[in-house]
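Undergrad: Curious how this folds, go ahead:
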Amino acid sequence: MQAKIVIERHVVSGRESQALDIAVEMRSVATKQLGYISGETLIDTEDHGTMIVVSTWRSVQDWKRWESNEDRLRIEGYLAPLLSRPAIVRVCADAGEFRAGREGSSANLYV
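TA: Predicted coordinates:
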């Protein structure tokens, strides 16, 4: 099952451009990782300090491997001081794939 990773970051005012440059660098390195499919970086149109990164990975395991990759941790180390609070990371799956993978479970009683 593919994994969609949604990362929400809140950047300190005045550091948005620098944070975006670092996020773009991180995505560039991510594109070379096993299981990486796609990614995009979004900026909230009303709060330019809120950056959302959405990436798609072949599996949760591929994401977990990248999440603990030393290159990612190094780049994240440059980004962390520019944030006003810790990043929020959500590991998600397509609802249709998620439901199909749970066929026969009690979760389907409510669908």
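
Undergrad: Alpha carbons of the helix-or-strand element of the chain with minimal mean pLDDT, in CSV - could you do that?
TA: Here the helix or strand of the chain ranked lowest by mean pLDDT, DSSP states H and E is helix 95-101, holding a mean of 73. The C-alpha trace of helix 95-101 is given here as CSV (Å, rounded to 0.1, in the frame of the first residue of the first chain):
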residue,chain,number,x,y,z
ALA,A,95,-8.9,5.7,1.8
GLY,A,96,-9.8,3.3,-1.0
GLU,A,97,-6.6,1.3,-0.6
PHE,A,98,-6.9,1.4,3.2
ARG,A,99,-10.5,0.1,3.1
ALA,A,100,-9.6,-2.6,0.6
GLY,A,101,-6.7,-3.8,2.8
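
Undergrad: which residues of this protein fall in strands?
TA: Counting by DSSP state E, the chain has strands at residues 3-10, 36-43, 50-57, 88-92.

Undergrad: neighbouring strands for the third one, and are they parallel or not?
TA: Sheet neighbours of strand 50-57, with direction, are listed as strand 3-10 (antiparallel), strand 36-43 (antiparallel) (DSSP bridges).

Undergrad: Any chance of a markdown table for these, columns mean pLDDT, mean neighbour count and distance to residue 72?
TA: The way it works is simple: take the backbone N, C-alpha and C, and place the C-beta from them, glycine included. What follows is the strands paired with strand 50-57, written out as a markdown table (pLDDT from 0 to 100; neighbours: other Cβ atoms under 10 Å; distance: least, Cβ to Cβ, whole Å):
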| stretch | mean pLDDT | mean neighbour count | distance to residue 72 |
| --- | --- | --- | --- |
| strand 3-10 | 98 | 18 | 11 |
| strand 36-43 | 96 | 14 | 11 |
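
Undergrad: The ones you listed: which one's closest to residue 84?
TA: strand 3-10 (4.8 Å; Cβ to Cβ).

Undergrad: What angle do strand 88-92 and the closest one make with each other?
TA: Calculated by axes from the mean of the first three to the mean of the last three Cα atoms, to 10 degrees, strand 3-10 forms an angle of 160 degrees with strand 88-92.
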